[in-house]
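Undergrad: my questions are about this predicted structure, shown below with the sequence.
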Amino acid sequence: MVDLKELRDEIDSIDRQIVELFEKRMDICQKVAEYKIRTGKKVFDRTREQAKIDTVKGLTRSEFNRHGIEELFQQIMAMSRKLQYQLLEENGVAGRLPFIAVDEIERSKVRVVYQGVEGAYSQAAMKQYFSEDITSFHVEQWRDAMEAIAEGSADFAVLPIENSTAGSVNDMYDLLVEFENYIVGEQIIRCEHKLLGLPGAQLSDIQRVYSHPQGLSQCKPFLEEHRGWKQIPLENTAVAAKRVAEEGDKSQAAIASAFAGEQFGLQVLADKIYLNEANSTRFIIITNQRIFRKDADKISICFEQPHTSGSLYNMLSHIIYNNLNMTKIESRPIEKRNWEYRFFIDFEGNLNDSAVKNALRGIREEAKNMKILGNY
Ligand SMILES: O=C(O)C(=O)C[C@]1(C(=O)O)C=C[C@@H](O)C=C1
């Protein structure tokens, strides 16, 4: 009968040797980093890593171990790269990020665009974020707002990115990739949807209900109690309220805010119809300049990765290894490339932090491509 203690002693002795060899290897990697600092050579060398993996796999005795050794060496080399990025950063050769730190984002005497019509939740978000002495205008589509920022006809745009009940606004992620606009702030607004109808209308008159698709989805249980109603999605909750007011048909109602109701002279037919008491929408403030507040504490980036096992894990390891806290992850299909995805992550930090610069440098070097969407 084998003795477990003896076996464990043997494992302990092997592990001590592994640790000793690992530390020796990392010391050499430090010298490699010094060489790379002197010569400007890139840390990540894909060809060398592939050759190394092939060689060490060839040294194993079984298929099972071949797989294990591949994973082990991928991790060892990932550690080696992270050490090297850290040394680059410490030596001040990590490179400058193309973002400029500012004390404050201007909130007065600026031109701001939002999507929808007056009474939209975007307008409420704008009013909360900016002061009263701004010039504002609204556009029909989110894309129009993005274009207004890109061409400079507005300084800032206010656009929805996420609702606490219905989830992310997918189109916004795609637009953030398409346009060279950047997030500089965010504003959270409670969305207390109401069912709004014409003055004198009764709940029993209603046959059709208009809202934004997210408005409809956020009031699902209420709408299920009224299965006979036809649900019609529109581009904005305030557009829905406007339409009910303009068409003057008592059988029509809108799901929108109380201030949209006031704006268009509608009355509240049903209150508290939303799924979640704390139902809120997070709006982002966008501009065409690469600026960030000196005290900004949240970063959004996106990157593309090849469709291979472990590729997302490898990117996220830069966040973990630099002790950063990831707060959100999203994926969106890449246009014209079926079943391939672009990942969007948010994490805590400021672009001036060394840990953040380190993580970004690693991701930039190792991902197919990476874009910083903003620090706010
Ligand atoms: O050989 C190098 O250039 C190294 O930086 C060392 C090393 C390794 O750990 O083996 C690490 C990173 C490179 O991508 C390739 C190999």
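TA: Done, it's in.
Undergrad: which helices and strands sit right next to the helix or strand harbouring S122?
TA: Element membership for S122, per DSSP states H and E: helix 121-129. For helix 121-129, the packing partners by 3 or more CB pairs under 8 Å, 6 or more residues apart in numbering; DSSP states H and E come out as strand 111-115, strand 135-139, strand 156-163, strand 182-190, helix 237-247, strand 280-287. (Glycine included, C-beta is placed from N, CA and C.)
Undergrad: average pLDDT across the second one?
TA: Per-residue pLDDT values over strand 135-139 give a mean of 96.
Undergrad: okay, now Q218: neighbour count?
TA: When neighbours are defined as other CB atoms under 10 Å, Q218 has 26 of them.
Undergrad: repeat for R66
TA: 14.
Undergrad: quick check: next helix or strand after the helix or strand containing it?
TA: In this assignment (DSSP H and E), R66 forms part of helix 63-90. Moving toward the C-terminus from helix 63-90, the next helix or strand (DSSP H and E) is strand 100-102.
Undergrad: break down the stretch 151-300 of the chain into its helices, ranges please.
TA: Using DSSP state H, counting those that start in this stretch, the helices of the stretch 151-300 of the chain run over 170-178, 213-218, 220-224, 237-247, 258-263.
Undergrad: what is the first one packed up against?
TA: Looking back up the chat, that one is helix 170-178. helix 142-151, strand 156-163, strand 298-304, strand 326-333, strand 341-348.
Undergrad: beta-bridge partners for A256, please?
TA: Beta-bridge pairing for A256 (DSSP bridges): K194.
Undergrad: surely it meets A238?
TA: Yes: in this structure, A256 is within contact of A238 by CB atoms under 8 Å, at 5.9 Å.
Undergrad: intersection of neighbour lists for the two?
TA: Common neighbours of A256 and A238 (criterion: CB atoms under 8 Å, 6 or more residues apart in numbering): G119.
Undergrad: okay, now the domains of the chain?
TA: 1-95, 100-191+280-293, 194-270, 295-376 (automatic domain parsing).
Undergrad: closest point of the stretch 1-150 of the chain to the ligand, which residue?
TA: Using CB to the nearest ligand atom, S80 is the residue of the stretch 1-150 of the chain that sits closest to the ligand, at 3.2 Å.
Undergrad: could you do the stretch 101-250 of the chain as well?
TA: V177 (27.5 Å).
Undergrad: then the stretch 151-300 of the chain?
TA: Nearest to the ligand in the stretch 151-300 of the chain, going by CB to the nearest ligand atom, is I299, at a distance of 24.8 Å.
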